[in-house]
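[1] Fold the following, please.
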Amino acid sequence: MNGLYIHIPFCFSKCPYCDFYSVKYDKTLAEKYTLRLISEMEKYRGAEFDTIYFGGGTPSALEPRLIENILRAAYRNFNISNDCEVTIECNPSKNLRDAFAVYADCGINRISLGMQSAVKEERIALGRVSDNDDVLSAVYSAKSAGIKNISLDLMLATPRQTAESLTTTLDFIKQADVTHISAYLLKIEENTPFYRLRNKLVLPDEDEICEIYLKTVRALEKFGFIQYEISNFAKKGFESRHNIKYWKLVPYLGLGASAHSFWNGRRFYYDRDFNITDEGEGGSNEEKIMLGLRLKEGVKKSLIKRDLSQYINGGYMEERGENVSFTPKGFLVSNTIIAQII
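    Numbers count the residues shown, from 1 in each chain. Okay, here's the model as predicted:
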């Protein structure tokens, strides 16, 4: 079934590495934005969804009642499955106990917390103000509200991070006892403070980046997390059903400023003023290869017309029955290899 993405563009402060569309939280703007989102839903009345994802920005910046209003409007306008996975991204620097109670009451059953690192100096370098106690408090509050499916975001190869300091963060993840980890390698994006400071940032070199990534993969596997995508790891049965739709080209509708969609075979997105820009047809073989190879299961070998023997022999890819996929080592250079085979 289809996925519904809802973009909430508000943040209390902008992280120096982030290039997603966001604006400083303002109560009046948030109220107006919520009403616009709800009115936009009416254009797609009757659509069917089995996952809903509140992304941002920082969705938890909104008053809980506004999140509730948006979600209840979704249930009024759409056919939502009884087992719908409903995720909201949250910043653990805010006391979320009361918010989690509201979230659980209106049907949210999955939380994604922006931890990034358990090392204070690394968090400060990333512009994050929460500390380990805040993260643990958010995890416990979510569980107390009845939300057991909890994901932590982890950033790798960030300023001041080393393979040694990573041990602190990995130990913290084990202690937190969550169900999912998203571990992203830092990418310096244009139009961000990090891009302007790129020549001054103290970042790990290529060898260190490889060591950090592979150490993360090994440790998470030891903790019981199964890698199912280049940056995502889950306890058995807790994979993000919503995000998997992106990589498998299952239709999804994105609502809100800067939200992207793959809907009725076409790709389009809303600009910051809610105008729609059509990007044409989606679902080509190239897309199937590019997106499918992000998954640990890979893609059908028959999709790829190039000889893959050099990548398989080099330990970058492996064959699994009718499928071919990247190894953890291959994920580190996946963009280069994909560019060569499509």
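[2] Now do the helices in this protein.
    Secondary structure of the chain by DSSP state H: the helices cover 27-41, 64-77, 97-105, 120-125, 132-144, 163-176, 193-196, 206-222, 241-247, 285-292, 309-313, 328-331, 334-341.
[3] can you put those helices in CSV and add mean pLDDT, distance to Pro9 and mean neighbour count?
    Backbone N, C-alpha and C define where each C-beta goes, glycine included. Listed next are these as CSV, based on pLDDT from 0 to 100; distance: least, C-beta to C-beta, whole Å; neighbours: other C-beta atoms under 10 Å:
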stretch, mean pLDDT, distance to Pro9, mean neighbour count
helix 27-41, 97, 7, 15
helix 64-77, 98, 13, 18
helix 97-105, 97, 18, 18
helix 120-125, 90, 23, 17
helix 132-144, 96, 22, 19
helix 163-176, 97, 28, 17
helix 193-196, 82, 18, 16
helix 206-222, 97, 30, 16
helix 241-247, 98, 19, 20
helix 285-292, 96, 25, 16
helix 309-313, 96, 40, 13
helix 328-331, 96, 30, 19
helix 334-341, 95, 28, 14
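[4] Please dump the ones you listed into a markdown table; it should also carry distance to Met155 for every row.
    Below are the helices of the chain laid out as a markdown table (distance: least, C-beta to C-beta, whole Å):
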| stretch | distance to Met155 |
| --- | --- |
| helix 27-41 | 27 |
| helix 64-77 | 25 |
| helix 97-105 | 24 |
| helix 120-125 | 8 |
| helix 132-144 | 14 |
| helix 163-176 | 9 |
| helix 193-196 | 11 |
| helix 206-222 | 10 |
| helix 241-247 | 17 |
| helix 285-292 | 22 |
| helix 309-313 | 28 |
| helix 328-331 | 16 |
| helix 334-341 | 18 |
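[5] Ala47 is nearest to which of these?
    Smallest distance to Ala47 across the helices of the chain (C-beta to C-beta): 7.9 Å, for helix 64-77.
[6] Centre of the chain to the closest one, how far?
    22 Å (C-alpha atoms, centre = their mean, to the nearest Å).
[7] now swap in stretch 110-118 and tell me
    For stretch 110-118, the distance to the chain centre is 10 Å (C-alpha atoms, centre = their mean).
[8] same question, stretch 156-165
    20 Å.
[9] Show me what counts as buried in it.
    Leu156, Ala157, Thr158, Pro159, Arg160, Gln161, Ala163, Ser165 (16 or more other C-beta atoms under 10 Å).
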